[in-house]
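Engineer: sequence? don't have it. structure:
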């Protein structure tokens, strides 16, 4: 959803946190906080994996955005992050995954204040976030794409094209695309910030903006039924003259390195066997979006 998002960022407290919308609000967070106190009495301090095994439940912070983590038409939580979490945590001895939806910008603060045990919402791994949390190695890599009017009348294929044509530019709350646009020369005060890709699609279709920037995956998903808009061919943003390929992964509290390491063992097994792609494919991921990137590389 990048992105990101991705999708993607807050500056310092607002710009580096990717993605997206509110589903359950403060009531869900309150319930999650209550759960965190259960089952801890006999578990050694700091052993989060042992505590979660004892509780038999892990709280997963998501941002309510397809295809990463969302509520489907049947009212069930699903998405690549949710389904992947169910598999890995079950193998770690934790039977239940409890998704908790919140605004994307609240995910890292919520994780560090123990409202969730782990976060996954298509969150891009970058140096700024790595100062606040620790990441498992990414389950996917992602390029950017633009939502534009049919036929792409302004010929927008990069952030530099946005500057050249003086196109009215929009992206999502906390997206990494904010910084990519600014780096290319888009004036920050002229960037239109919208809630999510659906709002971006509506703005493009209505002509309120010329372009909405997000992840390639989100772009091709959101325009499927649109008669007025299309997604551009995926591209790597240029940042300081170098192409930027992002990767998204699960985030953990800095004190939970043991839990992160156990998670990494399982995700690498899934990568090696091809199981990871089989889990992500139904949510629109392609083989080209599978990755050998590491969190260490993306944090640098």
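Structural biologist: Happy to help now that I have it. Small disclaimer: the values here were computed from a predicted structure and weren't measured.
Engineer: for residue 245, what are its contacts?
Structural biologist: When contacts are counted by CB atoms under 8 Å, 6 or more residues apart in numbering, residue 245 touches 141, 142, 143, 236, 293. C-beta: built from backbone N, CA, C; applies to glycine.
Engineer: Those in strands, which ones?
Structural biologist: If you go by DSSP state E, the contacts of residue 245 have 141, 142 in strands.
Engineer: Tell me the one of the contacts of residue 245 nearest residue 109?
Structural biologist: Residue 109 lies nearest to residue 142 out of those, by CB to CB, at 23.7 Å.
Engineer: Rebuild the contacts of residue 245 as JSON lines, extending it with neighbour count and distance to residue 108.
Structural biologist: Listed next are the contacts of residue 245 as JSON lines, based on neighbours: other CB atoms under 10 Å; distance: CB to CB, whole Å:
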{"residue": "141", "neighbour count": "17", "distance to residue 108": "21"}
{"residue": "142", "neighbour count": "30", "distance to residue 108": "19"}
{"residue": "143", "neighbour count": "21", "distance to residue 108": "24"}
{"residue": "236", "neighbour count": "15", "distance to residue 108": "25"}
{"residue": "293", "neighbour count": "16", "distance to residue 108": "20"}
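Engineer: Now render the contacts of residue 245 as CSV, adding distance to residue 66 and pLDDT.
Structural biologist: Output for the contacts of residue 245, formatted as CSV (distance: CB to CB, whole Å; pLDDT from 0 to 100):
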residue, distance to residue 66, pLDDT
141, 19, 96
142, 15, 95
143, 18, 96
236, 23, 96
293, 23, 96
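Engineer: Would you point out which residue is most central in the chain?
Structural biologist: Centroid-nearest residue in the chain: residue 122, 1.9 Å away (criterion: CA atoms, centre = their mean).
Engineer: tell me the pLDDT at the nearest residue to that residue once chain neighbours are set aside?
Structural biologist: If the residues on either side of it in the chain are set aside, residue 122 comes closest to residue 68, at 3.7 Å by CB to CB, 6 or more residues apart in numbering. Note on residue 68: pLDDT of 90.
Engineer: And the helices in this structure?
Structural biologist: 25-36, 48-55, 80-91, 107-112, 127-130, 159-165, 177-184, 197-206, 216-222, 257-273, 275-280, 295-299 (DSSP state H).
Engineer: dump the residue contacts of residue 211.
Structural biologist: Contacts of residue 211 (CB under 8 Å, 6+ apart): 146, 147, 148, 154, 156, 162, 167, 168, 169, 170, 204.
Engineer: For the closest residue to the second one other than its chain neighbours, give its distance to residue 178.
Structural biologist: Put plainly, it is residue 147. Nearest in space to residue 147, with sequence neighbours left out and distances taken as CB to CB, 6+ apart, is residue 212 at 4.2 Å. Between residue 212 and residue 178 the distance is 12 Å, computed by CB to CB, to the nearest Å.
Engineer: Mutual contacts of these two, please.
Structural biologist: residue 171.
Engineer: check contacts around the residue nearest to residue 122.
Structural biologist: 1, 19, 62, 79, 80, 81, 120, 121, 122, 248.
Engineer: Residue 285 is in contact with the fourth one, correct?
Structural biologist: No. The pair residue 79 / residue 285 is not scored as a contact, 11.5 Å apart, by CB atoms under 8 Å.
Engineer: Which one of those two is surrounded by more residues?
Structural biologist: residue 79 (24 against 19; other CB atoms under 10 Å).
Engineer: residues near residue 107, how many?
Structural biologist: Considering only other CB under 10 Å, residue 107 is surrounded by 29 other residues.
Engineer: my guess is it meets residue 118, correct?
Structural biologist: No. Using CB under 8 Å, residue 107 is not in contact with residue 118, being 10.2 Å away.
Engineer: which neighbours do those two share?
Structural biologist: With CB under 8 Å, 6+ apart as the test, residue 107 and residue 118 both reach 61, 251.
Engineer: Now do the buried residues in stretch 200-213.
Structural biologist: Within stretch 200-213, the residues that count as buried by 16 or more other CB atoms under 10 Å are 200, 201, 202, 203, 204, 205, 209, 210, 211, 212, 213.
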